[in-house]
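J.: generate coordinates for the sequence data below:
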Amino acid sequence: MYFGRLKQSGSNPNETSRTASPIINHPNYVGAPYDNDIALVQLSSSVTFSDYIRPVCLAAAGSVFGGGMESWVTGWGRLQSGGSVSDMLQEVTMTVVNNIDCNKSYGGSITSNMICAGQQGKSACPGDSGGPMLSRNGSLWIQSGIASFIIIPCDDPKHPNGFARVSQYQDWIKSYTGSNPPGFVAFNAASNFNLRSVSSLLLFPLSLTVSIIPFTFSLFLTS
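T.: Numbers count the residues shown, from 1 in each chain. Here you go, the predicted structure:
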């Protein structure tokens, strides 16, 4: 497991690494249609935060990410369908697609454990699976999803990208983290999201939010 990595080749002076064991797959993951596509990875030791290694909060149970809301996805996947993988960490901004519309695109296979995002000309691509989908509110970054399934070509406007919906797994995650649970933050933004119209969700100062997130677990998809 690498932290603080910016590029896949050459030097990454701000990088550190840890071994990972065990990997805890969700017991109800069965492959396609990729429901419960999530796992926990326990690190060999804690990771020290820096200007280049920062945590995110996890979306708490009941969080709402309305259709049209802006989200960020990062990864080292392919830059386009059939192309080569990226050497430099990439970031793309997409909007949330509500589950009703996403379900129509996938013929009814979208469950409440999934969240979709897509935008014409913007997409995750093969190789980005397992990466985070994040939403921002002030100084807080909140993880709403984990990249799960992508239709080829990547930017097919008829098929948004599919992500595991993190907020559905709060109880499952806490069952393995014991007395040191992650920092879950409730997020509620209806359709046509406008940050200025939403009450502040800054429930804790950033320093406190960082301190309550455990160092030993990371979220990944299982496939």
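
J.: going forward, measure contacts between C-alpha atoms and count neighbours the same way
T.: Will do.

J.: what about residue 123, distance to residue 134?
T.: Separation of residue 123 from residue 134 (Cα to Cα, to the nearest Å) stands at 14 Å.

J.: repeat for residue 57
T.: 9 Å.

J.: okay, and the common contacts of those two?
T.: Both residue 57 and residue 134 are contacted by 141, 142, 143, under the criterion Cα atoms under 8 Å, 6 or more residues apart in numbering.

J.: for the first one, give me its contacts.
T.: With contact taken as Cα under 8 Å, 6+ apart, residue 141 is in contact with 56, 57, 134, 135.

J.: phi, psi of the residue nearest the centre of the chain?
T.: Geometric centre of the chain, nearest residue: residue 132, 2.5 Å, by Cα atoms, centre = their mean. Residue 132 adopts backbone torsions of phi -90, psi 150, taken as degrees, to the nearest 10.

J.: does it really touch residue 73, like I thought?
T.: Yes - at 5.9 Å, residue 132 and residue 73 qualify as touching, with contact defined as Cα atoms under 8 Å.

J.: picking up where we left off before, in TSV: the contacts of residue 141, plus neighbour count.
T.: Formatted as TSV, those follow (neighbours: other Cα atoms under 10 Å):
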residue	neighbour count
56	19
57	21
134	22
135	23
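
J.: of these, closest to residue 49?
T.: Among the contacts of residue 141, residue 56 lies closest to residue 49 (Cα to Cα), at 11.4 Å.

J.: which residues does stretch 98-106 contact?
T.: Residues contacting stretch 98-106 (Cα under 8 Å, 6+ apart): 66-68, 109-112, 114-116, 158-160.

J.: which pair in the residues you listed spans the largest distance?
T.: The span of the contacts of stretch 98-106, defined through Cα to Cα, is set by 68 and 109 at 20.9 Å.

J.: compare the two (neighbour count), which wins?
T.: residue 68 (19 against 14; other Cα atoms under 10 Å).

J.: hang on, isn't that one packed against residue 97?
T.: Yes - counting by Cα under 8 Å, residue 68 touches residue 97, with 6.3 Å between them.

J.: quick one, grab the pLDDT at the nearest residue to residue 6 once chain neighbours are set aside.
T.: Closest residue in space to residue 6, ignoring its immediate chain neighbours: residue 89 at 5.4 Å, by Cα to Cα, 6 or more residues apart in numbering. pLDDT, residue 89: 94.

J.: alright, that wraps it up for me.
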